[in-house]
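Would you be able to build a 3D model of this:
(chains A, B, C and D)
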Number of protein chains: 4
Amino acid sequence: MKRNFFVPYTSRGLSNISPPPPWHYAGDFLVIDFWARPDAVAALLPSELQADVKAEGHAQGYFIDWQFTGEHDELLNPARYQYREFFILVDALFDGRPIAYCPYIFVDNDAALARGWAQGFPKRLGSVFQTRTFNTKGPAAVKLAPGSRFGASASTDGQRIAKGIVTLEKPVTDPAAMSSRPTVNMRHFPRLAAGQWERPAVHELVESVMDNFTVADAWMGKGELTLPECENEEISDLAPVRCGNGYRMGVSYSVTDLKTLADHSVK
Amino acid sequence: MKRNFFVPYTSRGLSNISPPPPWHYAGDFLVIDFWARPDAVAALLPSELQADVKAEGHAQGYFIDWQFTGEHDELLNPARYQYREFFILVDALFDGRPIAYCPYIFVDNDAALARGWAQGFPKRLGSVFQTRTFNTKGPAAVKLAPGSRFGASASTDGQRIAKGIVTLEKPVTDPAAMSSRPTVNMRHFPRLAAGQWERPAVHELVESVMDNFTVADAWMGKGELTLPECENEEISDLAPVRCGNGYRMGVSYSVTDLKTLADHSVK
Amino acid sequence: MKRNFFVPYTSRGLSNISPPPPWHYAGDFLVIDFWARPDAVAALLPSELQADVKAEGHAQGYFIDWQFTGEHDELLNPARYQYREFFILVDALFDGRPIAYCPYIFVDNDAALARGWAQGFPKRLGSVFQTRTFNTKGPAAVKLAPGSRFGASASTDGQRIAKGIVTLEKPVTDPAAMSSRPTVNMRHFPRLAAGQWERPAVHELVESVMDNFTVADAWMGKGELTLPECENEEISDLAPVRCGNGYRMGVSYSVTDLKTLADHSVK
Amino acid sequence: MKRNFFVPYTSRGLSNISPPPPWHYAGDFLVIDFWARPDAVAALLPSELQADVKAEGHAQGYFIDWQFTGEHDELLNPARYQYREFFILVDALFDGRPIAYCPYIFVDNDAALARGWAQGFPKRLGSVFQTRTFNTKGPAAVKLAPGSRFGASASTDGQRIAKGIVTLEKPVTDPAAMSSRPTVNMRHFPRLAAGQWERPAVHELVESVMDNFTVADAWMGKGELTLPECENEEISDLAPVRCGNGYRMGVSYSVTDLKTLADHSVK
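This is a model prediction of the structure:
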């Protein structure tokens, strides 16, 4: 029997939108460094965060093919739990400390959306794809090798919001050199009662906690990212002024905790 | 500019997963009365609710084709805001008063999922379809007329969780006679911090408030509903012992409020 | 038992991708008159067709919410057979006779794709949406009335390929005045055998035959259509130079036949 | 510029539903040996094929995560060309020679559907998923190792049509020992003209030709497959009487040809 961590609440917890923590993840990452207009980055930051002036608008785009499992072999049910994700992290400061803040994130799975909301990731639905590696040979089997290219894209409601390409150059010899700022989110849940709309039930700045974070087969090279203008979407405000490195790596970690930095929930 | 009622928080509110209230809805409803095993109904009720013994397990299945709009012509953006929904309401009592509780609900749209969570509807994603009426003639254009049949189905993660048919007999002359218990939900948002998993940030019994509730072109007849057994899903625990009336009607209303009946949020 | 008209061939024909003809359709149409660059229209015409110089690039965009049925109550299975469609018709001449040719068409359903291929419609998959009417009142229930607006969009592979708005002005008093050129398609099926790639098994110019064509509740007004540029797509070559009338109407018809105008299949 | 091998026919061939051959594939395969009722297998065979009595109903279920590319870097556009597939092959004889015939196949991509039809694969749309391997460590990162389990499922129109699990035991030391019968399909395209419905334009028994067929990292173990009963679907007629080995392997090949065994197209 599973506990009911989310809704719906049921007798055996099977119908719950996602199993309770611990949550275990393994994924293929395409990551692209880019620089947005610093004022566009600053405009998205919660009031508790400060612009990181030295970062000059630095941000990263992530395309991820994820496999998720809880404690009941959820990875054997990929129709319900395997998913794809695209998100952006922007550099900022919290109390003078460098952090990365997530203003946009899109997934193709509702269990992932629910877990994301619990973590403060502002998830919406989208469709996300990336070129994969395969063990066999031939023109369709991309390898981790110099010159290999990986394409990726993300869309929401039928509009293309992001497109990326990473061209590999060499293995990452020092994974510690890759950007590793703590991820900070705004965890939020509204009140709907009349007169309470400006008094969210949950509104707290939180820092992600990732256990057993592991990187494998990390490669780096050239990154290219575009964030096309879309009707009734604002993500293109972060359109790259220039792009930098691209990375392709395997990542796994578990989630069992969350750290509150500032709680503005209205009691 | 739209306020940011949900996430993500952005400068103009366009990228927010759903616009803020007021929320306006218009829909085509297929509704099927059925009786589940009373113990299966009772097993799903929150502790604040009591089984409605006289109801003998009475419940209703709803398949709805929805059109949504906020205050910025969202109905002109159907790719983002038009959606379909399936849910079940079961009869219960709150402080001795007859109410209807929603244990399961599925939608095909993330804006609807977000609004649902704010209202306490335990929404997950699913695909939902129903036979439509059309103004023209011919074999494919179903009419509101005696003998007309409307089929409907709902699936989640590739499993068929519900299937219904309504066969029309006659117009509903007294819409007030249709079941009109207030809808009661468990509004819930978890805490992820270690040691806090059993202390939800939001856990309150709430009653839906619907403004300007309007019914049009209501017909009644025979209802048939099946809730097939599905792997890792519990909804079939409510499988009909017998079915009753079926209804097909147009409904519209607006949402600007929510009433808290009991607040068990852990501060 | 159903005949196997398409694949897969099975004992009872239930698993066939679509039932055999007769095919019956009822739908809500949003139609937008527009003028593309005449050379862009001409570039898409098969060699048997001639540019309609007097039409000056006239074309129409169609967004349709369809209900389909065969002879076995397929309309009660909307998850499999109800669908949405977007297509473009361009004016052209065949042997000096005005016709409309379909260069692009997108549907969200494989049964519709199969029937379309049999008719010569060059269907690909896409997601298509349009604003709907509802019988009830309220802000979300659009009516057939002067000033009402209907939005529509089409996307394929996550790229927005078309967006339209129709603003109603008045009922169409003379439906015969609406464009009613016969629809001409290129029915095509390739050969894959080495050396045969340029020798299609089926390549014939065909004219659609529609039985019992009925129009209901036709309104006209202002039409607006955009065909945004998309990567690796050519539909924006037809981007409107200007737009004209918009129409909103109900349409139904049946399909049991197809007329061959010119057969270039390689035997 | 790409040739127009399929529809739609356009100036640069970019909008064609799939690029022309050569077609290059790389994929992760989950394969499950099973035995269906021999009469159920025989009922699906075209008249040119004979039941393989010695096979006693032997068949195989395939779940595949595919990457496709043509000659223009289509693998960099995974939103359009990457896809997933489920199909069944049944043992049969052609002129006394052991072959494998494909009665059912489902894909989640229209370019794959089009190529499949050209090859004679009777493709319909479905959603297909399988557990993946990842290079990193941790509970969500399945490895090629004894005891590892891979789950898979396929659905169409919201009904679960297949579910499989493969539990690895050991590497395949002799890939040649795995079933390698030639794949035989019925390539078919109908005629819609009245009176011609029984006279298909294309109806030929064909044998797949696969160039540079490569297997990598093949493991074998225990296979489990279920084909649940679904409304208006016949695939469960092949429900396993018993299951046998399961395989997990990488496969790549190219397609540039097709061999006709018997042509019953009606000229």
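
thought A:Glu229 was touching A:Ser236?
Yes: using CB atoms under 8 Å, A:Glu229 makes contact with A:Ser236 at a distance of 4.5 Å. Yep, even glycine has a C-beta here, placed from its N, CA and C like the rest.

Can you show me the helices along chain A?
Counting by DSSP state H, chain A has helices at residues A:38-42, A:78-81, A:110-119.

A:Gln196: neighbour count?
15 (other CB atoms under 10 Å in any protein chain shown).

For A:Phe94, give me its contacts.
Residues counted as contacts of A:Phe94 (CB atoms under 8 Å, 6 or more residues apart in numbering or on different chains) are A:48-50, A:184, A:205, A:261.

Next one: it, what pLDDT does it get?
With respect to pLDDT, A:Phe94 has a value of 97.

residue contacts, the closest residue to A:Arg242 other than its chain neighbours?
Distance criterion CB to CB, 6 or more residues apart in numbering or on different chains; nearest residue to A:Arg242, sequence neighbours excluded, is A:Trp35 at 5.3 Å. Shown in contact with A:Trp35 (CB under 8 Å, 6+ apart): A:56-59, A:240-244.

hang on, the earlier thing: can you say which of the helices of chain A is nearest to B:Glu224?
helix A:78-81 (27.5 Å; CB to CB).

any residues touching that closest one, and which ones?
A:67-69, A:74-75, A:109, A:111, B:157-158, B:232, D:127, D:129-132, D:151-153, D:155.

Any of the contacts of A:Trp35 buried? List them.
A:57-59, A:240, A:243 (16 or more other CB atoms under 10 Å in any protein chain shown).

ok, back up a step: out of the contacts of A:Trp35, which comes closest to chain B?
Distance to chain B across the contacts of A:Trp35 (CB to the nearest CB) is lowest for A:Ala59, with 14.6 Å.

what is that closest one paired to in the beta sheet?
Beta-bridge partners for A:Ala59, by DSSP bridges, are A:Phe34, A:Val90.

OK, contacts around A:Glu207?
Listed by CB under 8 Å, 6+ apart, the contact partners of A:Glu207 are A:99, A:182-185, A:258-261.

repeat for A:Ala194
With contact set as CB under 8 Å, 6+ apart, A:Ala194 has these partners: B:256-257.

how close does the residue nearest to A:Arg242 get to chain D?
Distance from A:Trp35 to chain D, counting by CB to the nearest CB, to the nearest Å: 24 Å.

For the buried ones among the contacts of A:Trp35, name the two members farthest from one another.
Largest separation among those by CB to CB: A:Gly57 and A:Cys243, giving 11.9 Å.

Of the contacts of A:Phe94 - the most surrounded one?
Neighbour counts for these peak at A:Val184, which has 26 neighbours (criterion: other CB under 10 Å).

Which strand residues bridge the closest residue to it other than its chain neighbours?
Distance criterion CB to CB, 6+ apart; nearest residue to A:Val184, sequence neighbours excluded, is A:Ile99 at 4.5 Å. Beta-bridge partners for A:Ile99, by DSSP bridges, are A:Ala92.

so what's A:Ile99 scoring on pLDDT?
According to the prediction, A:Ile99 has pLDDT 98.

Please report the distance of it from C:Ala176.
As for A:Ile99, its distance to C:Ala176 is 67 Å (criterion: CB to CB, to the nearest Å).

who's more crowded, these two?
A count of neighbours by other CB under 10 Å puts A:Ile99 above the other of A:Ile99 and C:Ala176, at 22 against 7.

Test my guess that that one contacts A:Ala55.
No: the pair A:Ile99 and A:Ala55 does not pass the contact test of CB under 8 Å, sitting 10.8 Å apart.

Touching both of those two, which residues are there?
Residues touching both A:Ile99 and A:Ala55 (CB under 8 Å, 6+ apart) are A:91-92.

Could you check how far the spatially most central residue of chain A is from chain C?
Nearest to the geometric centre of chain A sits A:Phe87, at 4.2 Å (CA atoms, centre = their mean). Distance of A:Phe87 to chain C, computed by CB to the nearest CB: 16 Å.

Sheet partners, orientation included, of the longest strand belonging to chain A?
Longest strand in chain A by number of residues, with DSSP state E as the criterion: strand A:211-226. With DSSP bridges as the test, strand A:211-226 is paired with strand A:159-171 (antiparallel), strand A:242-255 (antiparallel).

For these, please prepare a markdown table with the additional fields mean pLDDT.
Putting these into a markdown table (pLDDT from 0 to 100) gives the following:
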| stretch | mean pLDDT |
| --- | --- |
| strand A:159-171 | 98 |
| strand A:242-255 | 97 |
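
For B:Pro19, which of those strands is the nearest?
strand A:159-171 (17.2 Å).

got the CA coordinates for that closest one in PDB?
Provided in PDB are the C-alpha atoms of strand A:159-171 (Å, rounded to 0.1, in the frame of the first residue of the first chain):
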ATOM      1  CA  GLN A 159       3.700  26.500 -30.000                       C
ATOM      2  CA  ARG A 160       7.500  25.800 -30.200                       C
ATOM      3  CA  ILE A 161       9.000  27.600 -27.200                       C
ATOM      4  CA  ALA A 162      12.600  26.300 -27.300                       C
ATOM      5  CA  LYS A 163      15.000  24.600 -29.700                       C
ATOM      6  CA  GLY A 164      18.500  23.500 -28.900                       C
ATOM      7  CA  ILE A 165      21.500  21.800 -30.500                       C
ATOM      8  CA  VAL A 166      24.600  20.500 -28.700                       C
ATOM      9  CA  THR A 167      27.700  19.600 -30.700                       C
ATOM     10  CA  LEU A 168      30.100  17.400 -28.700                       C
ATOM     11  CA  GLU A 169      33.800  18.300 -28.500                       C
ATOM     12  CA  LYS A 170      35.300  16.300 -25.600                       C
ATOM     13  CA  PRO A 171      34.500  14.600 -22.400                       C
END
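
So what's the gap between it and the chain middle?
Relative to its chain's centre, strand A:159-171 lies at 15 Å (CA atoms, centre = their mean, to the nearest Å).

before we move on, what about stretch A:211-226?
Relative to the chain's own centre, stretch A:211-226 is displaced by 13 Å; criterion: CA atoms, centre = their mean.

Can you list the buried residues in it?
Buried residues in stretch A:211-226 (16+ other CB under 10 Å): A:214-215, A:218-221, A:223-226.

Repeat that for stretch A:253-261.
Under the neighbour-count criterion of 16+ other CB under 10 Å, stretch A:253-261 has A:253-258, A:260-261 buried.

What is the most widely separated pair among those?
A:Ser254 and A:Leu261 (21.1 Å).

Up against chain C, what does chain A have?
Of all the residues in chain A, those in contact range of chain C (CB under 8 Å from any CB of the partner chain) are A:127, A:129, A:153-155, A:158-160, A:163, A:230-231.

most neighbours, which of these?
Most neighbours among those, by other CB under 10 Å: A:Ala154, with 31 neighbours.

What sits closest to that residue if chain neighbours are left out?
For A:Ala154, ignoring the flanking residues on the chain, the nearest one in space by CB to CB, 6+ apart is A:Phe86 at 3.6 Å.

Tell me what the one you found is bridged to.
Legend: beta-bridge partners of A:Phe86 under DSSP bridges are A:Phe63, A:Phe106.

and if you look at A:Leu205?
Applying DSSP bridges, one finds that A:Leu205 bridges with A:Met186, A:Ala262.

How about the contacts made by it?
A:Leu205 neighbours (CB under 8 Å, 6+ apart): A:46, A:48-49, A:94, A:184-187, A:260-264.
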